[in-house]
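Fold the following for me, if possible:
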Amino acid sequence: FFFFFKQKTAYEMLRSLVGSEMCIRDRYQRRVHGEINFQIERKLNMFGIVRQTSRKIKASQLKRAFASQIGGNKDLAKQNVAPSGVVRSDRLQFSKERLTDFGELPLGEIPDALKYDRPFNISTLSNGVRVATEYWDSPLSTIAVFINCGSRDESIENSGVAHFLEHLNFKGTKNRTRVQLELDVENMGGQLNAYTSRENTSYTMTVFKENTGKAVEILGDMLQNSLYDKNQVEAERETIYRECLETSKDQLETTIENSHYTSYRDSMMGQPILGIRENIGVISQDMIREFHQTHYHGNNIIVVGAGNVKHEQLVELVNQHFGKLPQTPQAGLSPKPREKAHFTPSVMMIRDDEMVNMNVGVFFEAPDWSHPDYYAFLMFQRMLGDYSADTHTGHHLNTADRQYNTIHTQLGQLPDVTIQKTIYAPYSDTGLFGSYLFGNEIHGFQMLFLSQLILSEYAAHINQAEVYRARNKLYNELLQHETGNDITQSIGNQLLYLNRRVPRSEIAQRVSHMTPRYLSRVATHWFFDRDISIVCWGPTGHLMAFSAYNRPIRRSTLGWYGS
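Numbers count the residues shown, from 1 in each chain. Next up, the predicted model:
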């Protein structure tokens with residue numbers, strides 16, 4: 001497939017994009033003409049021909065003779081014919097006729113495979129529940145329920161109640177105990193998962209297509225008839241506390257949580273998704289029931305089906321098992337209004353000299369889901385990419401100095417920086433974009449300043465090859481979104497934030513029109529001479545000079561000029 005590639009040089013990029021057919025012809029043609037020229041010169045030397053005119057005449061005659069012997073007068077492309085009689089280039093799945101600069105498609109064109117979208121349907125029930133489906137022929141079907149509430153809808157007093165509620169929904173209902181619930185899922189060969197984020201909660205179930213009705217019934221029973229009794233609440237405290245402790249050992253997750261805290265101070269957006277740890281022993285049965293009655297109503301719920309599930313079938317099932325949900329919160333209850341999350345430029349230093357390596361998170365304010373620059377940030381995310389010393393070092397094609405990636409080239413010169421991840425977290429009214437870096441403290445200064453220097457330098461210049469590379473990577477990811485879980489997550493988030501389905505062809509079409517000049521303008525607006533938030537966790541003693549938001553940190557967003 002023409003955009004599965006890893007570039008080294010411009011020639012290698014062209015060769016890998018155009019494919020092996022051209023390379024085979026090129027090598028074969030060079031071999032043929034090399035052999036012809038060698039034989040011609042050998043004959044000329046043997047006959048002792050010295051006159052220039054005779055040499056030209058003899059050369060042309062000998063060339064035609066030798067070429068006819070080895071088939072040089074035939075079309076070289078037609079010599080590469082399969083036993084079936086079909087020319088190899090005609091057996092390629094996708095046409096390469098439109099490939100132009102560096103093997104790229106012309107501006108505004110997308111791969112043929114991305115021009116087709118599956119049928120999508122959406123309906124709204126009388127109680128406000130929205131039902132959406134994307135059908136394809138499959139032995140499986142995936143049903144996901146999205147609730148428009150998360151840790152951002154909590155308060156300091158009940159922080160963690162959304163995650164607590166998610167746990168208790170697996171502990172039994174009025175119709176089935178916890179053990180019966182688990183057996184019902186296992187006996188169908190199904191998978192049941194859930195997660196809580198800052199702005200939404202999701203429950204997803206994947207089953208065989210003949211068990212779709214049972215899956216909708218189980219999800220409806222869990223979300224409407226769970227008991228939330230005191231014994232279950234007390235028993236779950238220890239489980240949630242252990243989960244908080246285990247999460248705190250994950251250095252990536254902890255650094256991202258700390259980045260949210262220092263980026264959105266004085267806002268619930270900055271509080272951890274799992275809740276304030278001290279609140280685990282305070283959350284009561286009444287808090288949980290009140291949160292459920294306030295947020296689990298028809299206008300806040302979306303049911304998404306993907307795979308082998310017909311739209312009319314799912315609408316009927318959802319109407320049967322979710323139709324009794326109230327459209328709005330119960331009388332006397334109203335959700336807490338979401339206050340605007342203001343980005344707060346700041347520096348957070350967490351010193352721990354017993355740690356071997358250091359964690360650094362550097363983040364800019366970024367566009368939300370509905371902002372026009374959202375798709376440009378998808379490109380920036382893939383332009384920076386993810387770096388791992390295991391993959392991008394050593395003598396092979398993935399080495400950092402052989403890639404059209406500015407940040408990877410720089411990281412390749414820092415042997416003790418082992419991980420870099422680009423993170424884009426958009427929300428309903430704000431977003432964060434930046435990098436997480438992990439490495440030895442000896443490279444603390446480079447990890448502290450490198451990512452924002454490169455992002456702000458994009459305002460002045462962006463390599464065309466980097467744009468091609470990021471675009472093709474995004475094309476590949478769109479084509480790889482094939483599982484029911486991937487599709488339902490995509491549909492659910494788009495309906496929650498955009499109130500419509502954005503097909504992959506539209507995403508590809510938007511990205512296909514992006515030029516380096518356009519991306520530079522976006523980088524100027526969001527990255528150049530902008531405020532940032534920084535988190536450093538580990539042996540940060542030598543970085544304490546930057547523990548305040550000072551001039552060097554502010555100048556680090558001026559590109560290489562600021563350095």
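
quick one: buried residues of stretch 280-298?
280, 283, 285, 287-288, 290-292, 294-298 (16 or more other C-beta atoms under 10 Å). Placement of C-beta: from N, CA and C, glycine included.

again with stretch 429-449
Applying a neighbour-count criterion of 16+ other C-beta under 10 Å, one finds 429-441, 443-444, 446-449 buried in stretch 429-449.

got it, and stretch 179-194?
Going by 16+ other C-beta under 10 Å, stretch 179-194 has these buried residues: 181, 184-185, 188, 190, 192, 194.

Mark which of the residues you listed are part of strands, please.
Judged by DSSP state E, these include 192, 194 as members of strands.

In the buried residues of stretch 179-194, find the pair that's most separated.
The distance between the two most remote of these (C-beta to C-beta) is 17.0 Å, for Met188 and Ala194.

What residues are bridge-paired with Ala144?
Assessed by DSSP bridges, Ala144 has beta-bridge partners Thr204, Val304.

Does Ala460 belong to a helix, a strand or coil?
Using DSSP: H, G, I helix; E, B strand; the rest coil, the structure places Ala460 in coil.

roughly how far apart are it and Thr524?
Ala460 sits 9 Å away from Thr524, going by C-beta to C-beta, to the nearest Å.

Strands - which of the buried residues of stretch 429-449 land there?
431-440.

from those, which single one is nearest Val417?
Gly439 (3.4 Å).

Next, count neighbours for the nearest residue to Leu448 once chain neighbours are set aside.
Using C-beta to C-beta, 6 or more residues apart in numbering and skipping the chain neighbours, the partner closest in space to Leu448 is Val360 (5.9 Å). For Val360, the neighbour count with other C-beta atoms under 10 Å is 29.

Touching, Val360 and Glu441? I think so.
No: using C-beta atoms under 8 Å, Val360 is not in contact with Glu441, being 10.2 Å away.

tell me the pLDDT at Ile280?
pLDDT for Ile280: 93.

Mind telling me what element the closest residue to it other than its chain neighbours is part of?
Nearest non-adjacent residue to Ile280, counting by C-beta to C-beta, 6+ apart: Tyr241, 5.2 Å away. Take DSSP states H and E as the rule and Tyr241 turns out to sit in helix 230-249.

So for that helix, what gets flagged as buried?
Buried residues in helix 230-249, counted by 16+ other C-beta under 10 Å: 232-233, 236, 240, 244.

Give me the distance between Pro503 and Leu453.
Pro503 sits 37 Å away from Leu453, going by C-beta to C-beta.

whoops, Tyr228 was the one
51 Å.

Excluding sequence neighbours, find me the nearest residue to Glu243.
Computed as C-beta to C-beta, 6+ apart, the closest residue to Glu243 that is not its neighbour in sequence is Leu274, at 6.7 Å.

hang on, isn't the one you found packed against Gly160?
Yes: assessed by C-beta under 8 Å, Leu274 is found in contact with Gly160 at 6.2 Å.

In contact with Phe146, which residues?
Shown in contact with Phe146 (C-beta atoms under 8 Å, 6 or more residues apart in numbering): 200-202, 301-304, 492-493, 495-496.

can you map out the helices along the stretch 51-200 of the chain?
52-70, 76-79, 161-168, 178-187 (DSSP state H, counting those that start in this stretch).

Give me the mean pLDDT for the last one.
Which is helix 178-187. Helix 178-187 comes out at a mean pLDDT of 95.

So which of Pro503 and Leu453 has more stuff around it?
Looking at Pro503 and Leu453 with other C-beta under 10 Å, you find the greater number of neighbours at Leu453, namely 22 against 18.

For the more buried one, give me phi and psi.
Phi and psi for Leu453, reported as degrees, to the nearest 10, are phi -60, psi -40.

for Phe343, same thing?
Dihedral angles (degrees, to the nearest 10) for Phe343: phi -70, psi 130.

Can you give me the buried ones in stretch 298-317?
Neighbour-count burial for stretch 298-317 flags 298, 300-309, 311, 313-315, 317 (criterion: 16+ other C-beta under 10 Å).

how long is that stretch from one end to the other?
15 Å (C-alpha to C-alpha, to the nearest Å).

Likewise for stretch 172-182?
By C-alpha to C-alpha, the extent of stretch 172-182 from end to end equals 9 Å.

about what we covered before: now for the buried residues of stretch 298-317: which two are most distant?
Across those (C-beta to C-beta), the longest gap, 27.6 Å, separates Asn300 and Asn308.

Could you double-check that Gly275 sits in contact with Ser151?
Yes: here Gly275 reaches Ser151: they are 6.9 Å apart, a contact under C-beta under 8 Å.

Near Arg501, how many other residues are there?
Neighbours of Arg501 under the rule other C-beta under 10 Å: 17.

What residues does it make contact with?
Counting by C-beta under 8 Å, 6+ apart, Arg501 makes contact with 120, 122, 132, 134, 491, 494-495.

Return the member of the residues you listed nearest to His260.
Once C-beta to C-beta is applied, the member of these that ends up nearest His260 is Gln494, at 22.6 Å.

hang on, the earlier thing: what residues do Leu274 and Gly160 have in common as contacts?
151, 240.

Now do the helix or strand where the residue nearest to Leu448 lies: distance to the chain's middle.
Per DSSP H and E, Val360 falls inside strand 357-365. Taking C-alpha atoms, centre = their mean, to the nearest Å, one finds strand 357-365 lying 19 Å from the centre of the chain it belongs to.
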